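In: Build me a structure from this.
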Amino acid sequence: MVRVESLSDDQLTAKMSVLHYMMMSHGGELLAHYRGLNQSHHEYVLSTDNRLKDYEEKSKAKGKERNKKIKSLTKILDNLHAKVARLFADLNRATILEVEKDEEILHLKATPSEFSSFFRSQFQGLLWKFLASDEFSRVKGKLLSLAASARVGLLKHPLVAQTDYAFLNKISKFATKPLSVILQHEPEKLVASSVVAYEQNKEWVNAMVEGLDVEMTDGAAHSKSGGVFMQGSSHVLDDAAEVTMVGSGGVSSGLTDVVVAFSTGENGDGSLPFAIADEEATTNPFGV
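Out: Numbering: from 1, shown residues only. Below is the predicted model of the structure:
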């Protein structure tokens with residue numbers, strides 16, 4: 001409730017004078033205080049605006065960095081997914097291969113006769129075809145002819161190698177006995193050893209051609225037969241062919257191995273180079 005007092009003209013004039021004096025004495029102070037408040041408010045607004053701008057910039061930078069991290073993690077995750085897919089595919093292939101291998105093993109266990117039928121039919125047929133071919137006959141004839149020539153040459157000149165020291169140096173590492181023992185052999189012993197080697201080679205080749213049957217073919221994988229090899233060289237002295245035997249020995253070979261201990265060729269001095277038997281003939285069943 002507002003109280004209203006009635007004033008006289010003199011009282012009203014006095015009060016107005018007091019109010020005017022107060023305004024004149026305190027107006028500048030109030031105006032300065034207002035301006036200070038206004039300036040403080042403006043500075044506060046500017047500071048707040050700057051803080052907001054800094055926050056926005058930091059937020060943008062953090063957002064970009066976060067986006068980069070998200071992209072990197074997404075790429076790594078995609079690579080992991082691809083790797084898992086490849087591993088899963090490899091696992092499926094390995095499983096399929098294992099199943100196929102098991103099926104093949106079961107099939108092979110169920111049909112063991114297929115392995116033996118190969119040796120009984122195909123291998124035997126190929127072997128007989130080779131033994132019946134003209135090439136085998138030609139090689140056999142050359143073998144026997146060379147062995148006969150060696151026998152004749154030894155009967156005529158059994159100790160030619162004793163005078164050829166260069167030849168002895170070449171064949172020393174292939175000799176079955178020390179050279180001192182070989183050179184001390186008597187001519188009759190050298191000739192006798194060459195004749196025995198020739199007869200053994202001839203008997204062995206004939207036994208291969210004439211004595212092969214089904215039982216020998218079935219046991220070809222583990223049976224062995226003794227072969228004979230000779231080492232020597234052929235020389236031409238005074239237009240006469242001479243063959244010098246260095247040594248002979250036995251080798252263990254497979255049923256179908258053919259070992260040839262001679263080679264041909266002419267050196268610059270008119271002599272034929274020496275030849276040795278290949279002791280690894282088992283790697284070539286029909287090696288000649």
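
In: Name the helix or strand for E29, please.
Out: For E29, the element it lies in under DSSP states H and E is helix 9-110.

In: for that helix, packing partners?
Out: On a contact count with 3 or more CB pairs under 8 Å, 6 or more residues apart in numbering; DSSP states H and E, helix 9-110 meets no helix or strand. Just so you know, the C-beta spots here come from the backbone N, C-alpha and C atoms, and that holds for glycine as well.

In: ok, A147 - how many residues close by?
Out: The local packing of A147 (other CB atoms under 10 Å) involves 23 other residues.

In: Tell me how far it lies from H26.
Out: Using CB to CB, to the nearest Å, A147 is found at 150 Å from H26.

In: Could you do R35 as well?
Out: Distance, R35 to H26, by CB to CB: 15 Å.

In: Which residue ranges make up the domains of this protein?
Out: Here the domain parsing of the chain from automatic domain parsing is 28-111, 134-283.

In: Lowest average confidence across those domains, which one?
Out: Per-stretch mean pLDDT for those is lowest at domain 134-283 (a mean of 51).

In: show me what contacts V84?
Out: With contact set as CB atoms under 8 Å, 6 or more residues apart in numbering, V84 has no partners.

In: Please tell me how far it sits from I70.
Out: 21 Å.

In: Assign a three-state SS to S6, would you?
Out: Secondary structure state of S6, per DSSP: H, G, I helix; E, B strand; the rest coil, is coil.

In: ok, it - how many residues close by?
Out: A total of 6 residues lie near S6 under the criterion other CB under 10 Å.

In: Repeat that for the one 5 residues further on.
Out: Other residues near Q11 come to 11 when the count uses other CB under 10 Å.

In: try L143
Out: Close neighbours of L143, defined as other CB under 10 Å, add up to 19.

In: which SSE is it in?
Out: Taking DSSP H and E as the definition, L143 sits inside helix 134-156.

In: contacting residues around E43?
Out: Applying CB under 8 Å, 6+ apart, no residues contact E43.

In: Distance check, it against L80.
Out: 54 Å.

In: Next: T95.
Out: According to CB to CB, T95 and L80 sit 22 Å apart.

In: just I105 next, same as before
Out: In this view, I105 and L80 are 37 Å apart by CB to CB.
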